[in-house]
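Colleague: no sequence for this one, just the structure:
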């Protein structure tokens, strides 16, 4: 601000009067609005729009989270704090390496700059890899964005009971070959009806009764844990089919399908060697037999999943774009001429890091 | 008004020089001052900030550990973590994004953006944050409540299925 003010006064008082003798008119010289290069100005303008973009997303998350009557604990949705902290560390490291790449480029050390840039790229890729691993842990627990809904139910009520019943019925006639079943589904959709599909030679795929198969397995074929799970599954089938079920029964069913782990690291001492994505704590039927894919109850889980996948998804897209930029830059000679480009890419990358600095505590520790 | 003490300052337009030339001149000048001055960054400073960031991450992770004394008051942890996050964000913005060494244009961009971001979040409160104050009967029927969490916890504690018959 004061720089521009001093410029104006210098320009007028100091020189303008003297230098204009020959011309007879005053040519006014305007200095550019902001004293920085165009590339950097545009990057900063872009970043200010990005600030508002993520402010809207994170703001909505905070407002939704504190406005909701119930919000799941990180454990309830199988988030692992140590994995989140590790990813934070990875991004911080990559922020340092890109800044070192910039310093090396400014000092005209192209080779060094390229190695730092490569390291940044690898760290970013590692971040995405860990993120993908976390996503797969969510998917395997039935937590995913889906239309009209995921496998998550909000309350252990009659609707939940009927959803479990529905899934159990599905399991009684599961297609033998999933790929064939999908092709058949497409064919029916294409020909508009099963009858029309049949004319074109599409037969309904063979089905198997997965529950019966499980019941008929000899005890020796199952581990102690699976044996226990099988017994519980049989009991659950009776419970959801019973006409005189109590409200509490559905909570028992939900607890058996996927228990909400107790909170806090004190009792969950096995955090570090827990299976993927913080799946420590008691195991449910869905863990014992992953093919069951029974509906689960996570109070507040649907809104949680929406915000989680939206925000971490957008963040991951930003990381991927950063990686693309770095990949392009890695084909260049990163000498002092490229320093400004590296600086701009770095600004973007630091911003991505910045977003994660807020995402990590908001999702993993709140 | 006086910029003399500062290493980085805006360009001074000399008459006869086009604005663009001035800009380039200024940028070169400021780059020179970076290289020469070494006040800008410096690897030691970056490493120091890196260590600070790691320390701060550990601090916010500490709220998750069993040693955190305010486990029964989550608000304390939230406030603590937000303070830590803001500190980390400031470190990244000031040091890694070089804002500390930039000329005063930085305020032109960052302050309005920050203010609009804060207003945006505040404006979300009435429609989004308070959307559960008044809900339709249908939504109330399917909405999770704290009572449901209690019910699930109870079911987990004294489930009739918890003890296998063999035990």
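Modeller: Arrived safely. From a predicted model like this one, the values you see are computed outputs, not experimental measurements.

Colleague: Return the residues in contact with the nearest residue to residue A:119 once chain neighbours are set aside.
Modeller: Leaving aside its sequence neighbours, residue A:119 sits nearest to residue A:97 (C-beta to C-beta, 6 or more residues apart in numbering or on different chains; 4.6 Å). Any C-beta I mention is one placed from the backbone N, CA and C, and that applies to glycine too. Residues in contact with residue A:97 (C-beta atoms under 8 Å, 6 or more residues apart in numbering or on different chains) are A:116-117, A:119-120, A:123.

Colleague: ok, now residue B:110?
Modeller: So residue B:110 contacts A:48, B:93, B:99 (C-beta under 8 Å, 6+ apart).

Colleague: and whichever strand or helix holds it, what's its mean pLDDT?
Modeller: Using DSSP states H and E, residue B:110 sits in helix B:105-124. The average pLDDT for helix B:105-124 rounds to 88.

Colleague: And the helix or strand following that helix, what does it pack against?
Modeller: Where DSSP H and E defines the elements, the next helix or strand beyond helix B:105-124 is helix B:137-142. Of the remaining helices and strands, none touches helix B:137-142 by 3 or more C-beta pairs under 8 Å, 6 or more residues apart in numbering or on different chains; DSSP states H and E.

Colleague: Run through who's touching helix B:137-142.
Modeller: For helix B:137-142, the surrounding residues in contact (C-beta under 8 Å, 6+ apart) are A:154-155, A:159.

Colleague: gap between it and the chain center?
Modeller: 36 Å (C-alpha atoms, centre = their mean, to the nearest Å).

Colleague: same question, stretch B:91-100
Modeller: Relative to its chain's centre, stretch B:91-100 lies at 13 Å (C-alpha atoms, centre = their mean).

Colleague: That stretch: end-to-end distance?
Modeller: Using C-alpha to C-alpha, to the nearest Å, one end of stretch B:91-100 lies 10 Å from the other.

Colleague: hang on, the earlier thing: can you tell me the helix or strand for the residue nearest to residue A:119?
Modeller: Assessed by DSSP H and E, residue A:97 sits inside helix A:81-106.

Colleague: Quick check: buried residues in that helix?
Modeller: Using 16 or more other C-beta atoms under 10 Å in any protein chain shown as the test for burial, helix A:81-106 gives A:81, A:83-85, A:87-106.

Colleague: Help me confirm that residue B:99 comes into contact with residue B:93.
Modeller: Yes. Taking C-beta atoms under 8 Å as the definition, residue B:99 is a contact partner of residue B:93 at 5.2 Å.

Colleague: Which positions in the helix holding residue B:110 come out as buried?
Modeller: Residues B:105-106, B:109-110, B:113, B:116-117, B:120-121, B:124 are the ones in helix B:105-124 that count as buried (16+ other C-beta under 10 Å).

Colleague: now swap in stretch A:107-115 and tell me
Modeller: Quick answer for stretch A:107-115 (16+ other C-beta under 10 Å): A:109-110, A:112-115.

Colleague: count of residues packed around the closest residue to residue A:43 other than its chain neighbours?
Modeller: Leaving out its chain neighbours, the residue that sits closest to residue A:43 by C-beta to C-beta, 6+ apart is residue A:344, at 4.4 Å. Using other C-beta atoms under 10 Å in any protein chain shown as the criterion, residue A:344 is surrounded by 20 other residues.

Colleague: the domain parsing of chain B - what is it?
Modeller: Following automatic domain parsing, one finds the domains of chain B at B:1-40, B:41-158.

Colleague: Mean pLDDT lowest where, among those?
Modeller: Per-stretch mean pLDDT for the domains of chain B is lowest at domain B:1-40 (a mean of 47).

Colleague: Can you give me the end-to-end span of stretch A:170-180?
Modeller: 16 Å.

Colleague: Also stretch A:322-336?
Modeller: Stretch A:322-336 has its terminal residues 21 Å apart, counting by C-alpha to C-alpha.

Colleague: what's that stretch in contact with?
Modeller: So stretch A:322-336 is in contact with A:101, A:104-108, A:110, A:113-114, A:117-118, A:120-121, A:124-125, A:128, A:338, A:341-342, A:345, A:348-349, A:352, going by C-beta under 8 Å, 6+ apart.

Colleague: so which of these are also by chain B?
Modeller: Applying C-beta under 8 Å from any C-beta of the partner chain to those, one finds that A:106-107 fall near chain B.

Colleague: thinking again about what came up before, let me know the angle separating the helix or strand that the helix holding residue A:97 is followed by from helix A:81-106.
Modeller: Once helix A:81-106 ends, the next helix or strand along the chain (criterion: DSSP H and E) is helix A:110-140. Interaxial angle of helix A:110-140 relative to helix A:81-106 (axes from the mean of the first three to the mean of the last three C-alpha atoms, to 10 degrees): 160 degrees.

Colleague: Let's test this: mean pLDDT of the following helix or strand past helix A:110-140, rounded?
Modeller: As assigned by DSSP H and E, the chain's next helix or strand after helix A:110-140 is strand A:152-153. Strand A:152-153 carries an average pLDDT of 90.

Colleague: For strand A:152-153, which strands pair with it and how are they oriented?
Modeller: Applying DSSP bridges, strand A:152-153 is found paired with strand A:296-297 (parallel).

Colleague: Which positions within the helix or strand just after the partner strand qualify as buried?
Modeller: Proceeding N to C from strand A:296-297, the next assigned helix or strand is helix A:301-329, under DSSP H and E. For helix A:301-329, burial by neighbour count (16+ other C-beta under 10 Å) applies to A:301-305, A:307-309, A:311-312, A:315-316, A:318-319, A:322-323, A:325-326, A:329.

Colleague: do stretch B:84-99 as well
Modeller: Buried positions in stretch B:84-99, judged by neighbour count with 16+ other C-beta under 10 Å: B:84-85, B:87-89, B:91-93, B:95-99.

Colleague: In the stretch 151-300 of chain A, mark out all the helices, start to finish.
Modeller: Along the stretch 151-300 of chain A, counting by DSSP state H, counting those that start in this stretch, helices occupy A:158-172, A:178-191, A:194-199, A:210-216, A:224-241, A:247-257, A:285-288.

Colleague: For these, state which one has the densest average packing.
Modeller: Highest mean neighbour count of these: helix A:247-257, a mean of 24 (counted as mean count of other C-beta atoms under 10 Å in any protein chain shown).

Colleague: which residues touch that helix?
Modeller: Contacts for helix A:247-257 (C-beta under 8 Å, 6+ apart): A:153, A:156-158, A:160-161, A:164, A:232, A:236, A:239-240, A:242, A:284-286, A:292, A:294-297, B:148, B:151-152, B:154-156, B:159-161.

Colleague: Could you do stretch A:206-214 as well?
Modeller: Residues contacting stretch A:206-214 (C-beta under 8 Å, 6+ apart): A:168, A:171-177, A:230, A:233, A:237, A:289, A:291.

Colleague: same thing with stretch B:144-160?
Modeller: Contact with stretch B:144-160 is made by A:69-70, A:154-156, A:247-248, A:251-252, A:254-256, A:259-260, A:282, A:297, A:299-301, as judged by C-beta under 8 Å, 6+ apart.

Colleague: at 10 Å what do you get?
Modeller: Residues outside stretch B:144-160 that contact it (C-beta atoms under 10 Å, 6 or more residues apart in numbering or on different chains) are A:68-73, A:76, A:153-157, A:232, A:235, A:239, A:247-256, A:259-263, A:282, A:297-303, B:161-162.

Colleague: Buried residues in that stretch, which are they?
Modeller: Neighbour-count burial for stretch B:144-160 flags B:144, B:148-149, B:151-152, B:155-156, B:159 (criterion: 16+ other C-beta under 10 Å).

Colleague: again with stretch B:55-73
Modeller: Buried residues in stretch B:55-73, defined by neighbour count with 16+ other C-beta under 10 Å: B:56-57, B:60-61, B:63-64, B:71.

Colleague: end to end, how far does that stretch reach?
Modeller: Stretch B:55-73 has an end-to-end distance of 23 Å (C-alpha to C-alpha).

Colleague: Determine whether any part of it lies close to chain A.
Modeller: Yes. Judged by C-beta under 10 Å from any C-beta of the partner chain, stretch B:55-73 and chain A are in contact via B:56-58, B:60-68, B:71.
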